[in-house]
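Undergrad: Prediction below, plus the sequence it came from.
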Amino acid sequence: MKIINYSDLNNEHAFFQKIDFEKLDCVDEIIKEVKSKKDEALIYYSKKFKDGNFKTSDDFIVTEEEIKEAYEKIDKKLLKDLKNAIKSVKNFASAQFKCIKDLELSYNDSIVGHKIIPMERVLCYCPGGNYPLLSTCYMTIVPAVVAGVREIYLTSPKISPEVIVSAHLSGATKIYKLGGIQAIAAFAYGTETIKPVDKITGPGNKYVTAAKKEVYGQCDIDFIAGPSEVLVVADNIKDAKLIAADMLAQCEHDKDARSYLITTDEKIAHAVEKEAQEFLKTLKTYKIAEIAFNKSICIIADNFEQIIELTNKRAPEHLELFIKDAFKHKDKFTNYGSMFIEKNCAEVFGDYCSGTNHVLPTNKAARYTGGLSVFDYIKIQTYQKLSTKHSLELSKIASNLAQKEGLLAHKLAADLRSKNGL
């Protein structure tokens, strides 16, 4: 971990990891092939990238028999823990959903309002890379279930029994074995056997992310996410062991994952570095975690105001506050995906079972969006019904504004509703 003084910060330490999508030439090629050759292309690319050895399109979907076998393969303790984690996420999502309601205003004998309408069909993507992220299944599926989405598909390459069970328990309508660019293209545009979806959610590697970026517009996506990240704000050297563990928890995701530490006490930085190196000696995922941790950064700020400035500028995916009176200061931090307050609140609890969602904005995207939630699976659509009197009043206003804009057909449509227009 590199230790830097606040005064020495420059553009090199801007905390932004650029994802160079333009170099991923294969993304456009594969999407075009899937659009034109459909299931045939899915079979070809799944074999090419060793994501699945499919003979026909019937092999894409997880069968009822395979679901039954998956339940038989996982242990009872894991099944129990999965159910508890899903329950926590569902409880939180249900409470969120109650925050939004249909709206109807009545005035001048007219009605204007909005309706909360769920999307019809969505895809939840679960990565199948270094680790089988069974938690991603319920993090993406459960909010869609609570929102009332009719068809919820889960897809994952090299799918494991744990992922199958997690998806099934969460409420997936169908579970697929597809992954990568080809899967994103298939569910965005549709094939002979796959229906196109309204939205694609869930994390993935840079190829999946680039594919989501490319199909945006054909369908919606959650956001463009980069490697996982955590930023820890600390003021007590006694917490060094916990901080080191939390930073390594992010680093083990991927060699491009990053952990950041901001403190006013350089002794804390060195203590965290020492504890992390000790953990790496016995950590089985050290090969990935060590690379990411060595590229991570600690900044020594001069005061608490600089800490707030840097944190809000960085807009981290995960923000941990290991500081005195953390709850009192929490509202000073405005840009983050999810906040974890004080040492009892490990970020990994948010990853699995505290109830909040772990699909979060990275790479400064928390400046303008929050994490995945029930709100991502609904549409707020307005409607209106106007009385004759109200229509006459609005026709004069609209006519004048249309005239000023030079939109004369707009003016015509307004004038025809005016008292003298017919």
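TA: Noted; the coordinates are in hand.
Undergrad: Glu273: how many residues sit nearby?
TA: As a burial measure, Glu273 scores 20 neighbours (other C-beta atoms under 10 Å). (Each C-beta comes from the backbone N, C-alpha and C, glycine too.)
Undergrad: Next one: the residue with the shortest distance to the centre of the chain from Gly204, what distance?
TA: What sits nearest the mean C-alpha location of the chain, by C-alpha atoms, centre = their mean, is Val359, with 3.4 Å. Remark: distance between Val359 and Gly204 (C-beta to C-beta, to the nearest Å) = 11 Å.
Undergrad: Same question for Cys219.
TA: Counting by C-beta to C-beta, the gap from Cys219 to Gly204 is 15 Å.
Undergrad: Looking at the two, which one has more neighbours?
TA: Gly204 (25 against 20).
Undergrad: Assign that one to helix, strand or coil.
TA: coil (DSSP: H, G, I helix; E, B strand; the rest coil).
Undergrad: got the phi/psi numbers for His253?
TA: Phi and psi for His253, reported as degrees, to the nearest 10, are phi -60, psi -50.
Undergrad: residues contacting the nearest residue to it once chain neighbours are set aside?
TA: Excluding its sequence neighbours, the residue lying closest to His253 (C-beta to C-beta, 6 or more residues apart in numbering) is Ser228, at 4.4 Å. Applying C-beta atoms under 8 Å, 6 or more residues apart in numbering, one finds that Ser228 lies in contact with 250, 253-254, 257-258, 317-318, 362.
Undergrad: So, low pLDDT: which residues of this protein?
TA: For the chain, applying pLDDT under 70 flags the ranges 11-23, 420-422.
Undergrad: And it, what are its domain boundaries?
TA: The chain breaks down by automatic domain parsing into domains covering 2-14+227-354, 21-221, 388-415.
Undergrad: just so I know, which of those lies nearest Ser373?
TA: Nearest to Ser373 among the domains of the chain is domain 21-221; the distance by C-beta to C-beta comes to 5.6 Å.
Undergrad: so what's Lys332 up against?
TA: Contacts of Lys332 (C-beta under 8 Å, 6+ apart): Ile308.
Undergrad: Distance of it relative to Glu309?
TA: Counting by C-beta to C-beta, the gap from Lys332 to Glu309 is 10 Å.
Undergrad: Report the secondary structure element holding Gln403.
TA: Element membership for Gln403, per DSSP states H and E: helix 388-405.
Undergrad: Please read the previous query as pertaining to Glu290.
TA: Per DSSP H and E: helix 286-294 holds Glu290.
Undergrad: And the contacts of that helix?
TA: Counting by C-beta under 8 Å, 6+ apart, 1, 130, 247-248, 250-259, 276, 280, 283 sit against helix 286-294.
Undergrad: Go ahead and measure how far that helix is from the middle of the chain.
TA: Distance, stretch centre to chain centre, for helix 286-294: 24 Å (C-alpha atoms, centre = their mean, to the nearest Å).
Undergrad: buried residues in it?
TA: 286, 288-290, 292-293 (16 or more other C-beta atoms under 10 Å).
Undergrad: hey, where'd the strands end up in the protein?
TA: Here the chain has its strands, by DSSP state E, at 2-5, 103-107, 110-118, 121-125, 151-155, 174-176, 199-201, 220-221, 229-234, 258-263, 297-300, 318-322, 338-341, 378-385.
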